[in-house]
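Peer 1: Below: sequence and its predicted model.
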Amino acid sequence: MDMTLTEIKNKIIQQLSELTIDDFCSNPKLIAIDSSLNLSTDEEIESFLKEKFPELVKEKDQQSLIKEKKLAYERKSSDLHKSIKKLKADKDKIQEFITDKKAKLESIHSRKKEIGEELTGIKQELESIKQDSKSIRKENLKYFTTNEVSAREKKLTHELNIVSEQIREDNENIEKLSEENKVIEKTIYEKTQEIQLNIEKEQNDLRLLIEKQYFYEEEYSSLEFLCVYF
């Protein structure tokens, strides 16, 4: 329990009042303590306690420290609770957003299904129109003989085959040219790399030759100097 200095003083007075005269006689220190209990200010009491009961003051300081730590913990706990509350609110907002998005997605899927059904209906209508067109064409073809119709169909089929063959050949040629172009590009790249390497090699060889030339010139100069000297 965290006691004030006055409470500690009163507790000491109470304990001293329970002592007998023999206790005071056997321990002169108690008389000094008893005579000091007329202290009134907290500063005087604290000074007296520090001198006479250092362990008690130490315990009080420890209790104050514990109290401060407890208050700090409570503040931190309060801040954490506020943070948790905010996080929960954010979580609720996110959950609400997700629920809204899911509802919109369900609406989109429903609309997609409706569009698919509409497209199916349109396809059926188109097929029906095609069938009707065939019937109309058959009615119009009554002015032509069977041989004429067969001849026209044969001619159109032949032209279609020719065009299809040309398209096939063109596609083959394009594919062939593309492959050739890839080969050419690869060859150009390889040759470029080879030329670059050769250039670097020639430059390196030239540098070595120049260094050797300088070396030989210095050696020759040294020999000339020696010849003149001797």
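Peer 2: Done, it's in.
Peer 1: Just say helix, strand or coil for Glu194.
Peer 2: helix (DSSP: H, G, I helix; E, B strand; the rest coil).
Peer 1: where's it relative to Arg168, distance?
Peer 2: 39 Å (C-beta to C-beta, to the nearest Å). All C-beta spots, glycine's among them, are computed from the backbone N, C-alpha and C.
Peer 1: Please apply the same query to Gln193.
Peer 2: 38 Å.
Peer 1: same deal with Glu211?
Peer 2: Glu211 is 65 Å from Arg168, by C-beta to C-beta.
Peer 1: ditto for Leu209
Peer 2: For Leu209, the distance to Arg168 - C-beta to C-beta - is 61 Å.
Peer 1: pull the helix or strand with minimum mean pLDDT from the protein.
Peer 2: One helix or strand of the chain scores below all others by mean pLDDT, DSSP states H and E: helix 28-35, with a mean of 52.
Peer 1: can I see the domain layout of the protein?
Peer 2: 5-82, 83-141 (automatic domain parsing).
Peer 1: And for Glu185, the neighbour number?
Peer 2: 10 (other C-beta atoms under 10 Å).
Peer 1: Do you know the pLDDT at it?
Peer 2: Glu185 is assigned 71 on the pLDDT scale.
Peer 1: cool, and Phe48?
Peer 2: pLDDT, Phe48: 62.
Peer 1: What of Glu172?
Peer 2: Reported pLDDT at Glu172 in the predicted model: 72.
Peer 1: What strand or helix carries Asn204?
Peer 2: According to DSSP states H and E, Asn204 maps onto helix 146-229.
Peer 1: do Gln124 as well
Peer 2: helix 54-140.
Peer 1: looking only at pLDDT, what's the mean for that helix?
Peer 2: 63.
Peer 1: and what of stretch 209-226?
Peer 2: pLDDT averaged over stretch 209-226 gives 60.
Peer 1: same deal with stretch 193-204?
Peer 2: 74.
Peer 1: Good, we can wrap up now.
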